[in-house]
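Undergrad: Quick one, structure for this:
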Amino acid sequence: MESRKVTIGSRGSPLALWQANWVKGLLKSHHPGLDVEIQIIKTSGDKIQNVPLAKIGGKGLFVKEIEESLLRGEIDFAVHSMKDMPISFPINLCIACVTKRENPFDALISKNNTKLSDLPKGAKIGTGSLRRVSQLMHYRPDLNLIPLRGNLETRLKKLESEGLDAIILAAAGLIRLGWEDRITEIISSEILLPAMGQGAVGIETRKNDVDNQILLAEFDHEDTHYALDAERALVSQLEGGCNVPIGSFATINDDQLTLTGLVASLDGKILYQKRLTDIKTNAIALGRKMGDLLIGMGADRIIKEIQSV
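TA: I've put the predicted structure just below:
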């Protein structure tokens, strides 16, 4: 490839910059003549740290300013944690590739390495996710769940500074930042079903920018992309945002895609869950079918009740 310059847009958190630099490394290793620059963009989600996401606009707060920069042509593409991506994209943008998924599960970090099942009654657990809260309330209603915001380093510090017994974070971020040794246990998806896109990195660019789409296509991991297509189609069919506790997780084995979907009430007392399998090329149709099945079970009533508040 002839020498040219591309600019990556990224949030400024340590994890976001790790991901942006990782993508930069991929590009440079395949195209040594490429001049790759990273531009840090502060998002609304980074600026507002003292309010739960569900109350201030949800996942879009982490991408809005970055997407605006893309549309203005100030950056060539953006690197995102796919679990932070809203279902809808601006009409002129698209996800050009999804890289191979890291560990997609949630991780417990506790004092004294106490496992989730062994934590005492009333133990204070920090988490910023309604999906985790509702499932934990279903599994162990005796726990005391405390809202938690901030980047990974901030949340780890709050384990000590706010007198918490444990916190729950996405395993992928801890692994990427070299903090895997802090993990007490990886929590089974039977207890905490992951969020759509958890553990995957996506690269967003302009639809009309064919050169960059071709440049990024070689980094797309087919099975991860199919899995996310199914997970995102499920959430889209439910019309649920981050203010609704939804789990959506797909795995692929020998071209067979298995999708597990979940919708729970905020207090965890009601939980609807279903699992379906089909060939991976039917990923989107399977996600929509799962959404319809969960609605038929009663998930729509939970969603309407939450969204009416």
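
Undergrad: Just confirm residue 307 contacts residue 238, I think it does.
TA: No. With contacts counted by C-beta atoms under 8 Å, residue 307 stays clear of residue 238, the gap being 11.0 Å. Where you see a C-beta, it was placed from the backbone N, CA and C, and this is true even at glycine.

Undergrad: okay, those two: which has more neighbours?
TA: It is residue 238, of residue 307 and residue 238, that has more neighbours when counted by other C-beta atoms under 10 Å, with 25 against 12.

Undergrad: which ones are touching the more buried one?
TA: 244, 246, 263, 291, 294-295, 299-300, 303 (C-beta atoms under 8 Å, 6 or more residues apart in numbering).

Undergrad: So which of those belong to helices?
TA: The helices, defined by DSSP state H, take in 291, 294-295, 299-300, 303 from the contacts of residue 238.

Undergrad: so which of these is the most crowded?
TA: The member of those that has the most neighbours, counting by other C-beta under 10 Å, is residue 299 with 27 neighbours.

Undergrad: if I pick that residue, what's in contact with it?
TA: Residue 299 neighbours (C-beta under 8 Å, 6+ apart): 238, 263, 272.

Undergrad: Pick out the residue nearest the middle of this protein.
TA: Centroid-nearest residue in the chain, with C-alpha atoms, centre = their mean: residue 83, separated by 1.7 Å.

Undergrad: can I get the contacts of residue 299 in JSON lines with pLDDT?
TA: Output for the contacts of residue 299, formatted as JSON lines (pLDDT from 0 to 100):
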{"residue": "238", "pLDDT": "93"}
{"residue": "263", "pLDDT": "96"}
{"residue": "272", "pLDDT": "96"}
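
Undergrad: out of those, who's nearest residue 201?
TA: residue 238 (24.1 Å; C-beta to C-beta).

Undergrad: Quick check on the closest one: phi, psi?
TA: Note on residue 238: its backbone torsions stand at phi -80, psi -20 [degrees, to the nearest 10].

Undergrad: for residue 177, same thing?
TA: Backbone torsions of residue 177, given as degrees, to the nearest 10, read phi -90, psi 10.

Undergrad: Share the number of residues neighbouring it, please.
TA: Neighbourhood size, residue 177 [other C-beta under 10 Å]: 17.
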